[in-house]
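Enquirer: Have a look at this prediction, sequence included:
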Amino acid sequence: QSYRDNGVSPAKIRRQWVKRIQWGVLLGLMVLIYGSHAPLITLTKVDGRVPFNPSSCVVMIELAKLLISLVTLVLTGGASALRGPLHLVLVAPYAVPAVLYALNNNLVVLMQAYMDPSSYQVLSNLKIASTALLYSVCLGKRLRPVQWLALGLLMGAGVCHSYSSLDLGELEGDEAEEGPRLHITAWGLLLVLVYCLISGLAAVYTERVLKSQKLPLSLQNIYLYVFGVAINGLSSFSSVASEKSFLEGYSGVVWVIIAGQAANGLLMSVVLKHGSGITRLFVISCSMLVNALLSWATLGLQLTPFFLLPVSMIGLAAYLYYI
């Protein structure tokens, strides 16, 4: 009787709980995959170096996502959409994210010449701010002041976590004469700002495209990943700097990485289609903590009490944003 009085049926409440559980499982799986990425790469290293060609790994991830999307489209009865004429106006927008992500992949490499990896790790947290600003401006989503505070806490948690993981021990011998290892040039600062802007733009643009077109998500993924395979494949095969062949050094762990990242990309498209890019930021932030815990369990990373600060900040940020 009380359900009818409130205008909410038990069946509707059950559906809401089922949906929440599904989202919880999806986001938890994404956090786990994101967080395990770096430890898995560390496990593949031989004599301190990865034995495979990283660019070929990216191509294989994009190819796996494309094949899974094709199979999903066929199994859901949408294969007829592939036999129809392709409209350039519908397909062309999906090339933009592939170009933006490829550009950022190259920026990450270029930035290493103008800053140390630790400075990049700290400053890359600015992409939380750039994504939130673009999300608000480009998608017209008005965020409440408490939500901006939550995102500020999220960015602060990323900075605290990055800082706590830096190796700031005392330098000895020749290293002491070289001075501090942390450095960044004006060009490095400019590049990291461009990197964060492009990262936010790619996420916001992808969300806008996925939500603006009333197409099956698996078909939209096919359009996305066709361009992803083409652009990353061109980049991989045109690279003359790599001394490794395409599949050289692949092990079981590498294939696990490919499978995990492919699954994560597909799950992220679900989040952007039916959720928001802000949820993506919380997933990435939570994955930092999973990364640290897995590194502690498998690689012997020493965690300090300072680790509890970013954990608390992320928890508070999630509470403030979603209340």
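Expert: That came in fine, so what should we check first?

Enquirer: So in the chain, which helix runs the longest?
Expert: Ranked by residue count and defined by DSSP state H, the top helix of the chain is helix 10-44.

Enquirer: Could you tell me the angle between the helix or strand following that one and helix 10-44?
Expert: Using DSSP states H and E, the helix or strand that follows helix 10-44 in sequence is helix 54-75. Counting by axes from the mean of the first three to the mean of the last three Cα atoms, to 10 degrees, helix 54-75 lies at 150 degrees to helix 10-44.

Enquirer: tell me the mean pLDDT over the longest helix of the chain?
Expert: Across helix 10-44, pLDDT averages out at 88.

Enquirer: Also stretch 257-269?
Expert: The pLDDT scores in stretch 257-269 average 93.

Enquirer: Enumerate the positions of it that are buried.
Expert: For stretch 257-269, the buried set under the neighbour-count rule, 16 or more other Cβ atoms under 10 Å, comprises 257, 258, 260, 261, 262, 263, 264, 265, 266, 267, 268, 269. C-betas here are computed from N, CA, C, even on glycine.

Enquirer: now swap in stretch 209-217 and tell me
Expert: Under 16+ other Cβ under 10 Å, the buried positions of stretch 209-217 are 209, 210, 215, 216, 217.

Enquirer: what does that stretch contact?
Expert: 73, 76, 78, 81, 90, 93-94, 96-97, 220, 269-270, 272-273 (Cβ atoms under 8 Å, 6 or more residues apart in numbering).

Enquirer: Which of these sits closest to residue 146?
Expert: residue 272 (23.6 Å; Cβ to Cβ).

Enquirer: if we can go back for a sec, kindly write the PyMOL command that selects the buried subset of the contacts of stretch 209-217.
Expert: In PyMOL syntax, the buried subset of those is picked out as below (16+ other Cβ under 10 Å):
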select buried, resi 73+78+93+94+96+97+220+269+272
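
Enquirer: Work out for me the element the residue most central in space within the chain sits within.
Expert: With distances taken as Cα atoms, centre = their mean, residue 284 lies nearest the centre of the chain, 6.2 Å away. According to DSSP H and E, residue 284 maps onto helix 277-298.

Enquirer: I'd like the buried residues of stretch 257-269 laid out as a markdown table, including distance to residue 10 and secondary structure.
Expert: Below are the buried residues of stretch 257-269 laid out as a markdown table (distance: Cβ to Cβ, whole Å; DSSP: H, G, I helix; E, B strand; the rest coil):
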| residue | distance to residue 10 | secondary structure |
| --- | --- | --- |
| 257 | 44 | helix |
| 258 | 44 | helix |
| 260 | 38 | helix |
| 261 | 40 | helix |
| 262 | 39 | helix |
| 263 | 34 | helix |
| 264 | 35 | helix |
| 265 | 37 | helix |
| 266 | 33 | helix |
| 267 | 30 | helix |
| 268 | 33 | helix |
| 269 | 33 | helix |
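
Enquirer: okay, those residues in JSON lines with distance to residue 309 next?
Expert: Converted to JSON lines, those look like this (distance: Cβ to Cβ, whole Å):
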{"residue": "257", "distance to residue 309": "30"}
{"residue": "258", "distance to residue 309": "34"}
{"residue": "260", "distance to residue 309": "28"}
{"residue": "261", "distance to residue 309": "29"}
{"residue": "262", "distance to residue 309": "34"}
{"residue": "263", "distance to residue 309": "31"}
{"residue": "264", "distance to residue 309": "27"}
{"residue": "265", "distance to residue 309": "31"}
{"residue": "266", "distance to residue 309": "33"}
{"residue": "267", "distance to residue 309": "29"}
{"residue": "268", "distance to residue 309": "27"}
{"residue": "269", "distance to residue 309": "33"}
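
Enquirer: Helices along the stretch 101-250 of the chain, start to end?
Expert: Applying DSSP state H, counting those that start in this stretch to the stretch 101-250 of the chain gives helices spanning 117-123, 127-138, 145-164, 174-178, 186-212, 217-238.

Enquirer: Which of those helices has the lowest mean pLDDT?
Expert: helix 174-178 (a mean of 45).

Enquirer: re the thing from before, not counting its own residues, what contacts whichever helix or strand comes after the helix holding residue 284?
Expert: Sequence-wise, the next helix or strand downstream of helix 277-298 (DSSP H and E) is helix 308-322. Outside helix 308-322, the residues that touch it by Cβ under 8 Å, 6+ apart are 146-147, 149-151, 153-154, 156-158, 160-161, 164, 278, 282, 285-286, 288-289.
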